[in-house]
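S.K.: Turn this into a structure:
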Amino acid sequence: MAKKVIPDSEMIVNPDGSIFHIHLHPDQLRDNIIICGDPGRVDMIASYFDTRDYEVRSREFHTIGGTYRGRPVMALSHGIGGDNIDIVMTELDALANIDLEKRVVKDTHRSLNIVRIGTSGGLQPYVPVGTPVIAAKAIGFDGVLNYYAGRNEVCDLEFEKQFCKYVDWNPLFAKPYVVEADPGLVEKIGRNDMVHGYTISAVGFYGPQGREVRLPLAEPELNHRIEKFEYEGGHITNYEMESAALQGLAKLMGHHAMTICSIIANRVATSANPNYKTAMNDLVGNVLDRLLG
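M.R.: Predicted coordinates:
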């Protein structure tokens, strides 16, 4: 049977042979990838590398490839939000598993290790500012995974059911989805210096995370209900904007992914630390050592 050829409109390849948004070529792809939201943080991550072999910039997507302790690695920024994760994950997977010239899926599947290092707002008193939190379960409020077939097979449906019932989920919002981090990566990187939590990936920074600036909120008590929700002895620990889409798409595509966030604000204590760079530097060093050391 002839392989399906992916139309130009469905997967755009640039004239130089690179994939559309992130502008990378297949030979620049590494099996171990550190991703982050801020393009400027890519330089900080790459400062730990032994070598820097290439650098590519396109919009908010900034990539540096090199080696760490002699092993190939790359750092890539994804920008803000689950929609950007949809772009980055799809294009990384295309570099790994699609022949860009013939526009067909390769016969042999290549699996990537993708670790997101980010910042987050804490929702529990035991995750004070500076705490690294692993998104052991990521709860997507963004709706991204709901557009893909197989969504239910990679999600914790019982968690979703109990959560929606407990918080009286507004049907006008996108249906939440819940995805576990890759257990192999969590075992390799997680230590007793990191909290294993339940992380919400919101669809925005202000209203969708319960911040009221000028516009009133549709569900002003939602965060209070979220803070009290419990599932299998665990609570929802923090808010950010990308973990669920990352972990969900990785599972559907056959990759390994997890997120670790440094808490830079605690929503319960109403405290924040805008000078969080030292904690982020320490976290990056620990992740690289544990992933590739």
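S.K.: From here on, just use CA atoms for contacts and neighbour counts.
M.R.: Will do.
S.K.: Helices of this protein, residue ranges please.
M.R.: Counting by DSSP state H, residue ranges of the helices within the chain are 41-46, 82-97, 157-167, 183-189, 222-228, 243-253, 277-292.
S.K.: Kindly provide the whole-number mean pLDDT of the fourth one.
M.R.: Averaged across helix 183-189, the pLDDT comes to 97.
S.K.: Against which helices or strands is that helix packed?
M.R.: Helices and strands in packing contact with helix 183-189 are listed as strand 256-266, helix 277-292; criterion 3 or more Cα pairs under 8 Å, 6 or more residues apart in numbering; DSSP states H and E.
S.K.: Take the ones you listed and write them to TSV, including mean neighbour count, distance to G118 and mean pLDDT.
M.R.: Converted to TSV, the helices and strands packed on helix 183-189 look like this (neighbours: other Cα atoms under 10 Å; distance: least, Cα to Cα, whole Å; pLDDT from 0 to 100):
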stretch	mean neighbour count	distance to G118	mean pLDDT
strand 256-266	26	5	92
helix 277-292	16	8	92
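S.K.: returning to what we had before: just the helices of the chain: most buried one?
M.R.: Compared across the helices of the chain, helix 243-253 shows the largest average neighbour count, a mean of 27 (mean count of other Cα atoms under 10 Å).
S.K.: Could you check the angle that one makes with helix 82-97?
M.R.: In this structure, helix 243-253 runs at an angle of 30 degrees to helix 82-97, with axes from the mean of the first three to the mean of the last three Cα atoms, to 10 degrees as the basis.
S.K.: so can I have JSON lines of the helices of the chain showing distance to I260?
M.R.: Putting these into JSON lines (distance: least, Cα to Cα, whole Å) gives the following:
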{"stretch": "helix 41-46", "distance to I260": "14"}
{"stretch": "helix 82-97", "distance to I260": "15"}
{"stretch": "helix 157-167", "distance to I260": "21"}
{"stretch": "helix 183-189", "distance to I260": "9"}
{"stretch": "helix 222-228", "distance to I260": "20"}
{"stretch": "helix 243-253", "distance to I260": "9"}
{"stretch": "helix 277-292", "distance to I260": "9"}
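S.K.: for those helices, which one sits closest to S262?
M.R.: The closest approach between S262 and any of the helices of the chain, judged by Cα to Cα, belongs to helix 277-292 at 6.7 Å.
S.K.: all strands for the stretch 101-250 of the chain, in order.
M.R.: Using DSSP state E, counting those that start in this stretch, the strands found in the stretch 101-250 of the chain span residues 104-105, 113-122, 132-140, 177-180, 195-201, 230-231, 234-240.
S.K.: So which of those strands is nearest Y54?
M.R.: Go through the strands of the stretch 101-250 of the chain one by one with Cα to Cα and the one that ends up closest to Y54 is strand 113-122, at 18.8 Å.
S.K.: The closest one packs against which elements?
M.R.: Counting contacts by 3+ Cα pairs under 8 Å, 6+ apart, strand 113-122 packs against strand 32-36, strand 234-240, strand 256-266.
S.K.: Dump those to a markdown table, plus distance to G285.
M.R.: Listed next are the helices and strands packed on strand 113-122 as a markdown table, based on distance: least, Cα to Cα, whole Å:
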| stretch | distance to G285 |
| --- | --- |
| strand 32-36 | 11 |
| strand 234-240 | 21 |
| strand 256-266 | 13 |
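S.K.: Please produce TSV containing the strands of the stretch 101-250 of the chain, extended by mean neighbour count.
M.R.: Supplementary listing: those in TSV, determined by neighbours: other Cα atoms under 10 Å:
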stretch	mean neighbour count
strand 104-105	17
strand 113-122	25
strand 132-140	29
strand 177-180	27
strand 195-201	25
strand 230-231	14
strand 234-240	23
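S.K.: Tabulate these (CSV), appending distance to L252 and mean pLDDT.
M.R.: Supplementary listing: the strands of the stretch 101-250 of the chain in CSV, determined by distance: least, Cα to Cα, whole Å; pLDDT from 0 to 100:
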stretch, distance to L252, mean pLDDT
strand 104-105, 15, 98
strand 113-122, 14, 94
strand 132-140, 15, 97
strand 177-180, 11, 98
strand 195-201, 18, 97
strand 230-231, 24, 97
strand 234-240, 21, 95
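S.K.: looking at those, which is closest to S58?
M.R.: In this view, those are compared for proximity to S58 by Cα to Cα, and strand 113-122 is the closest at 19.2 Å.
S.K.: Could you list the low-confidence segments of this protein?
M.R.: Residue ranges of the chain with pLDDT under 70: 267-276.
S.K.: what residue lies at the spatial centre of it?
M.R.: S243 (3.6 Å; Cα atoms, centre = their mean).
S.K.: Tell me how far R71 lies from I45.
M.R.: 15 Å (Cα to Cα, to the nearest Å).
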